[in-house]
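**Student:** give me the fold of what follows.
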Amino acid sequence: MPRPRSASPFSSASAPSEQAGTFTGPVRPGPGAKAALAPVAVEVRAGFWSTRREVNARTSLPQGPELLETAGNLHNLRLAAGTVEGEFRGAYPFVDTDVYKWLEAASWQLAQGPSAELESDVDRIVSLVAAAQQPDGYLNTWFQLVKGGERYKDLRWGHELYCAGHLIQAAVAHHRATGRTELLDVARKFADHVDSVFGPPDSGKEIDGIDGHPEVETALVELYRETGEHRYLDLAGYFVDRFGHGLLGGEAYCQDRVPLREADNVEGHAVRQLYLLAAAADLATETGEAELRSAAERLWHAMTTTKTHLTGGLGAHHEEEDFGDPYELPNERAYCETCAAIASVQWSWRMALLTGEARYSDLIERTLYNGFLAGVSLDGERWLYVNPLQVRDGHTDPGGDQSARRTRWFRCACCPPNVMRLLASLEHYLATSDTGGLQIHQYATGRYAGDLDGASVAVRVETEYPWQGAIGVTVEDTPADRPWTLSLRVPQWCGEYRVRCGDMAYDQTDAPVADGWLRLERTWAPGDRVVLELAIEPRLTAADPRVDAVRGCVAIERGPLVYCLEQVDHPGGGLDDIVLDPTRPLAVEHRPDLLGGVTTVAAAGHRRHVADAGWWPYSSAHSEAPDTDNDPVELTAIPYYAWANRQDGSMRVWLPTS
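**Tutor:** Numbering: from 1, shown residues only. The predicted structure is shown next:
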């Protein structure tokens, strides 16, 4: 590969940006924020994520109102508004949030372009929400209809502030996407009511308390960013500070065992923990508080090193949906709730903006392609609430929300509209800018446009990622008289790469990566082109030996994708007896006819048939191993996100080796 003939174009990090811009995404740091990076506008035009978003827009989102009607969520709003008679419908007190998350998703979709039908549904449901609100701003159909109007008497389980948080996020999305204020007015009125009721003991407020499910905190920060009303930021800070002081009985489940600033590992209910930490990152961004930032960085590191599955999934226990102990990462009993994957993306993105570090976007990539995307079927009509890494032969499915079979909807339907809102706003998580340049965090074909202290920059990205490792970047808009830095993230999994800048090619020695970023600085001209080539060969991955559940096993990965075996691809038996031969090479084949078009990985292995040991399956460790009769078998691995889209059967990610 030729050496460069001129000075290296690779630079160090740039200075933080202070511009907030008019970006319409779900996280927009304020003009005085201490963030290192600011999100920029991205238009995804083709490729992998374009396809997934088209399914979301064409199928998942339009069916939302019908499913919310069938489940009773919209009926409850009509009851609260007094326009119909009947009984409250739903198994939980927080069913209003499913409506709010759908409204947020629909609003982000409307930001992509007009849709008369979707806009009509949004207008109708926004009117329902406004009509259900009480004169003083309070809104929760469960407590209005079932609990006789009692408020804040069950903060541990009632989820009143959790519901308020999702309403606020929907309202911010609706305002940013459409410019209209109907839903924002409802949210501000509710937030003002909450602010009038909750506060520290010396505030004179009625209640010193927190919600058993964090969510309102990060929503209040975003409402502050949208309105400039500092009271909302102060209220968010109060709530975050009061966790860990025994207001909910001191339980880890509710994040009430230890104050966040003193915690040394993530614990308790995974989604609750992650939403609280997203709020901590938001507050650190706006206030610059070093202690809060340090806690968020420490807890993120503890989570990724000891409590994160290969897929990016989080949550070891079905009971209480919690993290479990360090290195407790089971396979078939992994919980890995889809909402936890979404919350992980939300928190990591805030950390990426705050710090500018690429490792947060590395985890986002892993989670998006694996732990998150598995939660929705390829046709956009069926869902997984939990995402195990193994389904055994003869598996007896428990049914309900914890099923390992895709389901049309759930009694606790938090995950489907959560998936909808992340896919509808996905372009927000792809790129950023600072005063010195543009950073591309995730690779998708489209246009990425930012602002460098008043100067516009824009690039066009073309890629077949994740199936291929080449990413082409063409400059479309740039200031003519000043250099700036184009930063490309080189993923943590990538062991080899090269880059071409115009006619010049550079290897890893010439183009070193610093902190996960490949930085190219120059005075750019329209038409300048860079091609980053990531080596994307399949690989075998082993876990930390402290992860007991997968000791002696390997997993197949290729690029950002985790792979798995499904029973449907291996007739003649299940998967429990399959052993992979790690000495044989892995081969890839792109299958446009399979699962919407995937690249499969072929491996060699055998079925191990162990001689019958009688009624007792254990023997002395020093005795000779039982006789075995091994049948060679060709293994076909598919991307984990695409499992459970054909027929029911066994599945596994981690494979024992011969």
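**Student:** how about the helices in the stretch 51-200 of the chain?
**Tutor:** Taking DSSP state H, counting those that start in this stretch, the helices of the stretch 51-200 of the chain run over residues 61-71, 73-81, 96-112, 116-132, 141-145, 160-178, 182-197.
**Student:** which one of the ones you listed lies nearest to Ala281?
**Tutor:** With Cβ to Cβ as the measure, helix 160-178 is the member of the helices of the stretch 51-200 of the chain nearest Ala281 (15.4 Å). In short, each C-beta sits where N, CA and C put it, glycine included.
**Student:** point out the other helices and strands that the closest one packs with.
**Tutor:** Packing contacts for helix 160-178, counted by 3 or more Cβ pairs under 8 Å, 6 or more residues apart in numbering; DSSP states H and E, involve helix 96-112, helix 116-132, helix 182-197, helix 216-227.
**Student:** and Ala46, how many neighbours?
**Tutor:** Using other Cβ atoms under 10 Å, Ala46 has 13 other residues around it.
**Student:** give me the nearest residue to it, chain neighbours excluded.
**Tutor:** Thr445 (4.3 Å; Cβ to Cβ, 6 or more residues apart in numbering).
**Student:** again with Arg45
**Tutor:** Gly446 (4.5 Å).
**Student:** where does that neighbour sit: helix, strand or coil?
**Tutor:** strand (DSSP: H, G, I helix; E, B strand; the rest coil).
**Student:** same question, the one 5 residues further on
**Tutor:** Taking three-state DSSP as the rule, one finds Asp451 in the strand state.
**Student:** I figured it hits Val457, correct?
**Tutor:** Yes. Using Cβ atoms under 8 Å, Asp451 is in contact with Val457, at 7.5 Å.
**Student:** any residues in contact with both of those two?
**Tutor:** Common contacts of Asp451 and Val457 (Cβ atoms under 8 Å, 6 or more residues apart in numbering): Ser433.
**Student:** which residues does the nearest residue to Val122 once chain neighbours are set aside contact?
**Tutor:** Excluding the flanking residues, the one nearest Val122 by Cβ to Cβ, 6+ apart is Ala106, at 5.0 Å. Shown in contact with Ala106 (Cβ under 8 Å, 6+ apart): 61, 64, 118, 121-122, 424.
**Student:** tell me the one of the residues you listed nearest Leu233?
**Tutor:** Using Cβ to Cβ, Ala424 comes nearest to Leu233 of the contacts of Ala106, at 26.2 Å.
**Student:** what about that closest one, how many residues nearby?
**Tutor:** For Ala424, using other Cβ under 10 Å, the count is 26.
**Student:** what degree of burial does the nearest residue to it once chain neighbours are set aside show, as a neighbour count?
**Tutor:** For Ala424, ignoring the flanking residues on the chain, the nearest one in space by Cβ to Cβ, 6+ apart is Trp108 at 3.9 Å. The tally of other residues near Trp108 (other Cβ under 10 Å) stands at 27.
**Student:** quick one: Trp108 from Leu422, how far?
**Tutor:** Noted for Trp108: a distance of 9 Å to Leu422, by Cβ to Cβ, to the nearest Å.
**Student:** check Leu532 too.
**Tutor:** From Leu532 to Leu422 the distance is 26 Å (Cβ to Cβ).
**Student:** swap in Gly315?
**Tutor:** 17 Å.
**Student:** check contacts around the residue nearest to Ala46.
**Tutor:** 44-47, 50, 461-463.
**Student:** quick one: the strands in the stretch 351-500 of the chain?
**Tutor:** 390-391, 431-434, 437-440, 445-452, 455-463, 470-477, 484-489, 497-501 (DSSP state E, counting those that start in this stretch).
**Student:** next: the stretch 551-658 of the chain.
**Tutor:** For the stretch 551-658 of the chain, the strands defined by DSSP E, counting those that start in this stretch cover 553-558, 561-566, 578-580, 587-591, 598-610, 628-639, 651-652, 655-656.
**Student:** JSON lines please, covering the helices of the stretch 51-200 of the chain and showing mean pLDDT and distance to Ala281.
**Tutor:** Shown next, in JSON lines, are the helices of the stretch 51-200 of the chain (pLDDT from 0 to 100; distance: least, Cβ to Cβ, whole Å):
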{"stretch": "helix 61-71", "mean pLDDT": "97", "distance to Ala281": "28"}
{"stretch": "helix 73-81", "mean pLDDT": "98", "distance to Ala281": "30"}
{"stretch": "helix 96-112", "mean pLDDT": "98", "distance to Ala281": "19"}
{"stretch": "helix 116-132", "mean pLDDT": "98", "distance to Ala281": "28"}
{"stretch": "helix 141-145", "mean pLDDT": "97", "distance to Ala281": "30"}
{"stretch": "helix 160-178", "mean pLDDT": "98", "distance to Ala281": "15"}
{"stretch": "helix 182-197", "mean pLDDT": "98", "distance to Ala281": "20"}
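**Student:** what would these look like in a markdown table with distance to Ser203?
**Tutor:** Converted to a markdown table, the helices of the stretch 51-200 of the chain look like this (distance: least, Cβ to Cβ, whole Å):
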| stretch | distance to Ser203 |
| --- | --- |
| helix 61-71 | 37 |
| helix 73-81 | 30 |
| helix 96-112 | 27 |
| helix 116-132 | 29 |
| helix 141-145 | 23 |
| helix 160-178 | 17 |
| helix 182-197 | 10 |
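**Student:** to Leu276, which of these lies closest?
**Tutor:** Once those are compared by Cβ to Cβ, helix 160-178 is nearest, at 11.3 Å.
**Student:** if I look at Pro388, how far off is Val376?
**Tutor:** 16 Å.
**Student:** what of Val126?
**Tutor:** 25 Å.
**Student:** list the contacts for the residue nearest to Arg45?
**Tutor:** 42-46, 50, 427, 430, 460-461.
**Student:** give me that answer again for 7 Å
**Tutor:** If you count contacts by Cβ atoms under 7 Å, 6 or more residues apart in numbering, Gly446 has them with 42-45, 461.
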